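A.B. asks: Here's my sequence, what's the structure:
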Amino acid sequence: MTLPCRHEERITKQVQPTINLLTNLDVLHPDVLLQHQIQPADYKSGLVFRSAIESIRGRFIASSTTSREGLVKVVLDSLLQQHRIADYSQSSHVRRYDFTVALERNPDYFAAIEVKGGEGNSINISERPLWAREFGIWCHLDGAIVNQPANGSHSIINRVTNELVRRQKLVDVVLFKDILCGTTTRPCPKYPGRESTIAFDAAPDVFLFPQRVPSLDDPAPPTHTLKSLRLPKLILELFGVSGNAQTAHTWEVHVRIIELENAKLQREVQVLHQGIVVDRSLSRPWRV
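C.D. replies: Residues are numbered from 1 along each chain as shown. Sure thing, here's the model as predicted:
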């Protein structure tokens, strides 16, 4: 399992009844609709229900995108104030990455961060700047709680490794953290006794990716460590995680290209946590 945290069952089991209630409100409680000047006959056939849901979803996406970048900005502000980085800037509206981080000046050492939710295809919409010594994706699994965090992280890892192999798009690290981490909705087992109260102070989960793009000549390149990258270690230390304790928050993503018959290739991905394989997947074969 790529992430050990799970949404509380008492909360997730309320989702389907809520869906049933809202979907069938015109049949179950037409009086409630009439009290709010909504005609039960128009609730579905007039697309009132569907239009309302789409409008709410649009507002939610807009507000959550802002809050996601705001959380990362708080982290970078803290690193800057503690003189752990030289500077940073936000570039969300003009670049295909959201933050430029100057880890060091003289000589310059820059990292770039792209901020994403846990929603599928948009994970692939980003661009690694040529000048970036490190490129990371900060993911927020703050959407629907029907699926457990491990499902979202598994999907994101597969998408990132597919981009790595098929499009030679190198991502060094993926971090998972959002406002649900360490709360009653999503307790964090890495903090015994504070699983539901650690909240913002819970450190991100750090997934380290290969140092190079896999190829036939280099089918299984080495995976990054906290020594080969600078920014992930700085972030963990900011959240009070240092020394051997960092292994509890760190995962290694190993990618290997397998050469098959008929000029076909296959991608194997293994995720290790503290030396144990917690997830493994094989892609569909493709022709070279």
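A.B. asks: what's the nearest residue to residue 213 once chain neighbours are set aside sitting at in phi/psi?
C.D. replies: Nearest residue to residue 213 in three dimensions, chain neighbours excluded: residue 168, at 4.7 Å (C-beta to C-beta, 6 or more residues apart in numbering). Quick note: C-beta positions are derived from backbone N, CA and C, even for glycine. When quoted as degrees, to the nearest 10, the phi and psi of residue 168 stand at phi 60, psi 40.
A.B. asks: Could you check how far residue 168 is from residue 74?
C.D. replies: In this view, residue 168 and residue 74 are 33 Å apart by C-beta to C-beta, to the nearest Å.
A.B. asks: Likewise for residue 11?
C.D. replies: Here the distance between residue 11 and residue 74 works out to 26 Å (C-beta to C-beta).
A.B. asks: So, low pLDDT: which residues of the stretch 101-250 of the chain?
C.D. replies: Confidence mapping of the stretch 101-250 of the chain against pLDDT under 70 gives the ranges 118-124, 143-144.
A.B. asks: can you give me the helices for it?
C.D. replies: Ranges of helices in the stretch 101-250 of the chain, per DSSP state H, counting those that start in this stretch, are 149-167, 231-238.
A.B. asks: Can you tell me which of these is most buried?
C.D. replies: helix 231-238 (a mean of 21; mean count of other C-beta atoms under 10 Å).
A.B. asks: helices and strands around the helix or strand that comes right after that helix, which ones?
C.D. replies: Sequence-wise, the next helix or strand beyond helix 231-238 is strand 250-259, with elements assigned using DSSP states H and E. Taking 3 or more C-beta pairs under 8 Å, 6 or more residues apart in numbering; DSSP states H and E as the contact definition, the neighbouring helices and strands of strand 250-259 are helix 149-167, strand 205-208, strand 264-273.
A.B. asks: Now these in a markdown table, please, with extra columns for distance to residue 228.
C.D. replies: Conversion of these to a markdown table gives the following (distance: least, C-beta to C-beta, whole Å):
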| stretch | distance to residue 228 |
| --- | --- |
| helix 149-167 | 16 |
| strand 205-208 | 8 |
| strand 264-273 | 16 |
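A.B. asks: Among those, which comes closest to residue 110?
C.D. replies: Using C-beta to C-beta as the measure, strand 205-208 is the one of the helices and strands packed on strand 250-259 that comes nearest residue 110, at 19.0 Å.
A.B. asks: Would you tell me which helix is longest in the protein?
C.D. replies: Secondary structure of the chain read by DSSP state H shows that its longest helix is helix 48-81.
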